[in-house]
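Novice: Return a 3D structure for these sequence lines:
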Amino acid sequence: MTEFIKICPHCGHENPEYENLCSTCGHFIAMENAVSKAAPLLATETTATSASAFYLHVEQNAQIFTVKPGWVIGQAHSSSSAQIQLPATLEGCEFVHRQHARFTYQEQRWYITPLDQQAFQRAFTNPSFLNQHPLTPGQSYAVQDGDRLVLSKIALLVKMVS
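Specialist: Okay, the predicted model is just below:
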């Protein structure tokens, strides 16, 4: 069974999905999206406590997703293990893979790595773009505040808070 949590945008604490206030700092989190709890981080990744807060703002509907190191973004689906699941109601979401890209935090920088879909027995990878530049699956790219990320047809604005 997948456990869902709400991450406080103020302090980064992981709270149970039913909470309305952060149990650490008291910040109002009732409007935060619940996400599946992250899998253990890879040994090469820095923990979230040293990372700047990272958010993805969906341009279509102003929805905001919190990003943590090691998390994967993908299409919402019952078989998806992505921690950030884009809802099927977004126009073009059917072209986003269930595990489309992974975010990492290393050496004080955030990176996105589009996932090679051959690892999931898929013959092709739908495109990803960073500031209108195509991204190669399996290669990591540094992202920063204000960047525009496009997964297939879904446009996301990168927001970072130190």
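
Novice: for the chain, where's the lowest mean pLDDT among helices and strands?
Specialist: strand 35-36 (a mean of 71; mean pLDDT, DSSP states H and E).

Novice: Given the next helix or strand after it, what are its sheet partners and their directions?
Specialist: Tracing the chain C-terminally past strand 35-36 and defining elements by DSSP states H and E, one meets strand 53-58 next. Based on DSSP bridges, the strands next to strand 53-58 in the sheet, each with its direction, are strand 64-67 (antiparallel), strand 154-161 (antiparallel).

Novice: For His100, which residues are in contact?
Specialist: Neighbouring residues of His100 by Cβ atoms under 8 Å, 6 or more residues apart in numbering: Val72, Ile73, Gly74, Gln75, Ala82, Pro114, Leu115, Asn126, Ser128, Leu151, Ser152. Just so you know, the C-beta spots here come from the backbone N, C-alpha and C atoms, and that holds for glycine as well.

Novice: Filter these down to the ones in strands?
Specialist: Residues from these lying in strands, with DSSP state E as the criterion: Val72, Ile73, Gly74, Gln75, Pro114, Ser128, Leu151.

Novice: For the residue nearest to the fourth one when sequence neighbours are not counted, give me the pLDDT.
Specialist: In other words, Gln75. Taking Cβ to Cβ, 6 or more residues apart in numbering as the measure, Gln75 lies nearest to Val96, with 4.4 Å between them; neighbours along the chain are not counted. If you check Val96, the pLDDT there is 86.
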